[in-house]
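**Student:** fold the following, please.
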Amino acid sequence: MKIPTTLKHKPVVVSENYEQVDGRFARNTDAKGLSLGLAQWNDRGKIDISAKVWRYTGEKWSRQSEELPLHRVLDLSILICRTMAHFREAYRYEHLYDPQEPVIDRVGLQGDAMTVAICTDNEKINEDIKLFSQALSDDDELIGERLRTLSRILKDMGY
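**Tutor:** Now for the predicted structure:
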């Protein structure tokens, strides 16, 4: 399915077969494509690049399609990696985290740091964290394949 080029987000680089590789939703997803392009929120004279997940309901392109600035896509990747690293050692804690120190990490970015922490404001965190941990474990192979691919590409690029 072709990603539309007449909407506000202007695709430049596309993956139009994303529905074939959308993790455990592959071949049964409304996420039909990914694109990198000119952001829909661009103001005159100011150009931003965004990443977009294109969703299709079967009848029309969905308003639930998501568009993110590239730095946020990378920030989410950092969050995923730090989360996975935490859960590899989380078995050491009775509740899969230390309630006295819920901050997992502070990742330095742009002169400050992004805090990565367990959400202790969640009333059911002790139940939800177990479900989260199990789901992360269930998807380990799927996520691991993507992280290994990303690692290889980053190494090839000199990072």
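**Student:** the helix ranked longest in the chain: which residues count as buried?
**Tutor:** The single longest helix within the chain, with elements called by DSSP state H, is helix 70-89. Across helix 70-89, burial judged by 16 or more other C-beta atoms under 10 Å covers 81-83, 86-87. In this view, the C-beta of every residue, glycine as well, is placed from N, C-alpha and C.
**Student:** would you list every one of the strands in the protein?
**Tutor:** 10-15, 31-38, 49-55, 66-69, 103-109, 112-117 (DSSP state E).
**Student:** so which of these gets nearest Leu96?
**Tutor:** strand 103-109 (11.3 Å; C-beta to C-beta).
**Student:** just the buried residues of stretch 38-53, please?
**Tutor:** 39, 50-53.
**Student:** identify the residues contacting Ser137.
**Tutor:** By C-beta atoms under 8 Å, 6 or more residues apart in numbering, the contact set of Ser137 is Phe87.
**Student:** on that earlier part again, is it possible to export the buried residues of stretch 38-53 to a markdown table including pLDDT and distance to Gly33?
**Tutor:** Listed next are the buried residues of stretch 38-53 as a markdown table, based on pLDDT from 0 to 100; distance: C-beta to C-beta, whole Å:
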| residue | pLDDT | distance to Gly33 |
| --- | --- | --- |
| Ala39 | 85 | 17 |
| Ser50 | 93 | 14 |
| Ala51 | 94 | 11 |
| Lys52 | 93 | 8 |
| Val53 | 95 | 8 |
